[in-house]
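Participant: Attaching a predicted model along with its sequence, questions to come.
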Amino acid sequence: MNRFSLPDLGIGLGLRTPHYAHIVAHQPAVDWFEILSENYMHTEGRPLHYLDWVAERYPVALHGVSLSIGSTDPLDRVYLEELRALRDRTRARWVSDHLCWTGVAGKNSHDLLPLPYTEESLRHVIARVKQVQDFLEAPLALENPSSYLEHTSSSLTEWAFLGELAREADCAILLDVNNIYVSAYNHGFSAATYLAAIPWDRVVQIHVSGHTNHGTHIVDTHIGPVIDPVWELLREARSRCDASVLLEWDAEIPDFETTHAEALKARAFLGGRS
Amino acid sequence: MTGPGLRDAQLWMLSAITGAEADAADPERFIKPGPRMDPAACLDVYRSAYRARLVECLVDDYPVLARTLGAERFEALAVAYLDRFPSSSPNLNGFGARLPGYCREAPPALLGPLAPFASELAALEWSLVEVLHARASEPLDVSVLEAASPLHWATARFVASHAVRLLRFEHPVDAYYQASLERDRCPDVPGPAPSATLVYRTDLRVWRMTLTPMMTRVLEPLLAGETIGDVLEAIEPSITTEAEAAELGGQLTVWFRDWAAAGLFARVEWTSG
C-alpha cells in the first residue's frame, strides 16, 4: 500500500466517447475507469450523462491535462473549483495531472510542455502543488510527462526533480512507464536509472500505452498495442509497488473489447502483488 | 550554468510553438540538442503538434464544412482561425465557437465567394455542438396548456430550453448538410434560398428540423419569450394567402404539441389573469 492509503483498483481503462454505448449496453467487467477531467467541464449535456452513469457503477479517478502546475501564470481558481466539483460529483478516488505546463500569459497550448528542471522550477512547482492539495484537501498525483526537448537551463534530471517534488510537496506520483520509455529514447537516458530513483511509496497509479516511433524520436500518441519493452517496465514497476494500472488508447481507438483485451494483458506483468 | 528564468523560458517557448516561424529563431539558446535531433527539430515536434491538435479539434466540430472545403483549404482556414483566436480555456469544448463569424471576416483568399455559405454551414454545425453540451429540459406537460381556457392561452409565455437553437439562413443549409451525410462526396454548394432550421436535444439525441416560413414566424418569437397572443397578433396582418391562413389555423395546435413534446420549452408562464 502507498503512503496515502489509496487502493489498488486493479486494471482500468480510460473512458472514451466511442465506447459509451457499449459500456452502457453491456456494463462490462472493468475494474475502474479513468476520466479525462476537462472533457466533463463546461458541459451539462450528453457527456455528463454518461459520466454519471459510469461513476455510479465503477470506481473512477480523474486525470487532467490543463492544471498547468508548472506555469508561471497564477493557478486558475475557476478551473480548480470545477475540478473539485467534478471530483465530488464522481466520488473519484484521486485526482491526477501532469508534471508540466500547458500555457502562459493567458494562452493555452493544450500540450504538455516540459519544464526546465532547475531549482527555481522545483520551488515554484512545490509551492503550487501544496496550494492545489490544500484546495482539494487530498493528495494530487502528478504524472511524469513524455517530452521531445530538454531545456538548456536544466540542472536536474527529470527523475531527481520528480522525486524531490513528491517528497517536498508530499504529493503522489502517477508513473507512466510508456512516457519513461519515450523520453529515454528521445533524450538518451536509461529507463532503469529513472525507475531506480522513484519514491515507490508515493506511486498510486501506473499508465501504459502505445506510441509512434519516427526513428529520430518517439511520440506519445497513445495509439496501438503496448510494446513489450513497456510491458517489461510495468513488470519492473509493479515489483516495487502495488499501484493501480491503466491503459490509455486515444488515437484510432478500436472497439471496446479490443481495448479492454489490451489492458488485460497487464495481468501477466503485475507480479506477486496482484 | 545560469540560463533564462522560468518565466522567460515559458514566454519564449509558447511564442516559439504557437507563433510564426520567426518567433522560433535561435532555439539553441533554450533547447539542448537531442541524440538524433537538433534544437529546431525538437521544437518542431511541439509546433507541429500544436497546430495538428487544434485543427483536428475543429474538424471534429465542423466535419461537413471540412469536407466541403477539402482538407487543404479547411486546414488553412483553421490555422488562420487559431492564430486569430488562440485558446485561453482549460478545455477545447468552446474553442470553435467563433468559426462561423470568422468565416465571414477571414481573408478573401481563404474562402472567397464561399464565405457566406461556409459561415452558415459552420453556424449549423456549431449549434449541434452547443446543443449536445447544453442542459436539456424535461418535455413540457401539454396538459398544462390543455387545462387552460383558450382565452388564457394568449397570455402564455414559454421559457425556452437551453438545448434549442433556431437558425435562419440565406441558403438551404440543412438540406445540404443532410445530403452531405448521406453521400461520400458533398453535393455542389447551393445558391441562395432562405431557410430555417431548428436544432434541439431530446434526452441524449440531437435533432434537426427544417421549419416552414410560418413555423419560423411563430416559433422564433416564442423562443425569444413573447406571449402566444403577441406572436399571433404580429403574424395576422402579414398573412396574405389562403395557404398561409390554412397552415396557421390547421397546424398551430399540432405544432405546439410537437414542440412541447420535443422539449423545446422548459416551462410555461402566465403573464396575467
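Facilitator: Received the coordinates, thanks.
Participant: Residue B:62: neighbour count?
Facilitator: A count of neighbours around residue B:62, defined by other C-beta atoms under 10 Å in any protein chain shown, yields 27. C-beta coordinates here come from the backbone N, C-alpha and C atoms, glycine included.
Participant: That one is in contact with residue B:122, isn't it?
Facilitator: Yes: contact criterion C-beta atoms under 8 Å: residue B:62 and residue B:122 qualify, at 5.8 Å.
Participant: if I look at the two, which residues touch both of them?
Facilitator: By the contact definition C-beta atoms under 8 Å, 6 or more residues apart in numbering or on different chains, residue B:62 and residue B:122 are jointly contacted by residue B:99.
Participant: Neighbours of whichever residue of chain A sits closest to chain B, how many?
Facilitator: Going by C-beta to the nearest C-beta, chain B is nearest to residue A:153 of chain A, at 2.7 Å. If you count neighbours by other C-beta under 10 Å, residue A:153 ends up with 22.
Participant: ditto for residue A:16
Facilitator: For residue A:16, the neighbour count with other C-beta under 10 Å is 18.
Participant: so how far is residue A:259 from it?
Facilitator: For residue A:16, the distance to residue A:259 equals 8 Å [C-beta to C-beta, to the nearest Å].
Participant: again, but for residue B:55
Facilitator: Distance, residue B:55 to residue A:259, using C-beta to C-beta: 25 Å.
Participant: quick one, longest helix in the chain?
Facilitator: Just so you know, I chose chain A. Counting by DSSP state H, the longest helix found in chain A is helix A:119-136.
Participant: try again with chain B
Facilitator: helix B:39-61.
Participant: Figure out how far that helix is from the centre of its chain.
Facilitator: In terms of C-alpha atoms, centre = their mean, to the nearest Å, the gap separating the centre of helix B:39-61 from the centre of its chain is 24 Å.
Participant: Is there proximity between it and chain A?
Facilitator: Yes: using C-beta under 8 Å from any C-beta of the partner chain, helix B:39-61 reaches chain A at B:39, B:41, B:42, B:43, B:45, B:46, B:49, B:50, B:53, B:54.
Participant: could you give the mean pLDDT of that helix?
Facilitator: Helix B:39-61 shows a mean pLDDT of 97 in the predicted model.
Participant: With just CA atoms, put that helix into PDB.
Facilitator: The C-alpha coordinates for helix B:39-61 follow below in PDB (Å, rounded to 0.1, in the frame of the first residue of the first chain):
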ATOM      1  CA  PRO B  39      17.100  22.000 -31.200                       C
ATOM      2  CA  ALA B  40      15.000  23.300 -34.100                       C
ATOM      3  CA  ALA B  41      13.800  19.700 -34.900                       C
ATOM      4  CA  CYS B  42      13.000  19.200 -31.200                       C
ATOM      5  CA  LEU B  43      11.000  22.400 -31.100                       C
ATOM      6  CA  ASP B  44       9.200  21.500 -34.300                       C
ATOM      7  CA  VAL B  45       7.700  18.400 -32.700                       C
ATOM      8  CA  TYR B  46       5.700  20.800 -30.500                       C
ATOM      9  CA  ARG B  47       5.000  23.400 -33.200                       C
ATOM     10  CA  SER B  48       3.500  20.700 -35.500                       C
ATOM     11  CA  ALA B  49       1.500  19.000 -32.700                       C
ATOM     12  CA  TYR B  50       0.000  22.300 -31.600                       C
ATOM     13  CA  ARG B  51      -1.500  23.100 -35.000                       C
ATOM     14  CA  ALA B  52      -2.400  19.500 -35.700                       C
ATOM     15  CA  ARG B  53      -4.200  19.100 -32.400                       C
ATOM     16  CA  LEU B  54      -6.300  22.300 -32.700                       C
ATOM     17  CA  VAL B  55      -7.100  21.700 -36.400                       C
ATOM     18  CA  GLU B  56      -8.300  18.200 -35.500                       C
ATOM     19  CA  CYS B  57     -10.500  19.700 -32.900                       C
ATOM     20  CA  LEU B  58     -12.100  22.000 -35.500                       C
ATOM     21  CA  VAL B  59     -12.500  19.100 -37.900                       C
ATOM     22  CA  ASP B  60     -14.400  17.200 -35.100                       C
ATOM     23  CA  ASP B  61     -16.700  20.200 -34.600                       C
END
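Participant: near chain A, which residues of the stretch 151-273 of chain B?
Facilitator: Proximity of the stretch 151-273 of chain B to chain A, by C-beta under 8 Å from any C-beta, involves residues B:162, B:163, B:201, B:204.
Participant: Just give me the neighbour total for the first one.
Facilitator: What that stands for is residue B:162. Neighbours around residue B:162, by other C-beta under 10 Å: 17.
Participant: OK, contacts around the residue nearest the centre of chain A?
Facilitator: In chain A, the C-alpha nearest the mean C-alpha coordinate belongs to residue A:143, at 4.6 Å (C-alpha atoms, centre = their mean). By C-beta under 8 Å, 6+ apart, the residues touching residue A:143 are A:63, A:96, A:97, A:98, A:99, A:173, A:174, A:175, A:176, A:179, A:207.
Participant: hey, where'd the strands end up in the chain?
Facilitator: I'll assume chain A. Using DSSP state E, the strands of chain A run over A:11-14, A:32-36, A:60-63, A:95-98, A:101-104, A:107-113, A:140-143, A:172-176, A:203-209, A:212-213, A:218-219, A:244-248.
Participant: Correction: the question concerned chain B.
Facilitator: Along chain B, counting by DSSP E, strands occupy B:156-160, B:164-169, B:195-202, B:205-210, B:265-270.
Participant: Give the partner strands of the fourth one in its sheet and their orientations.
Facilitator: This points to strand B:205-210. If you go by DSSP bridges, strand B:205-210 pairs up with strand B:195-202 (antiparallel).
Participant: Neighbours of residue 187, how many?
Facilitator: Picked chain A for this. Residues near residue A:187, counting by other C-beta under 10 Å, number 19.
Participant: should've been chain B
Facilitator: Using other C-beta under 10 Å, residue B:187 has 13 neighbouring residues.
Participant: Could you double-check that it lies in contact with residue B:180?
Facilitator: Yes: with contact defined as C-beta under 8 Å, residue B:187 reaches residue B:180; the gap is 6.7 Å.
Participant: Residue B:206: what's it in contact with?
Facilitator: Counting by C-beta under 8 Å, 6+ apart, residue B:206 touches B:128, B:131, B:132, B:199, B:200.
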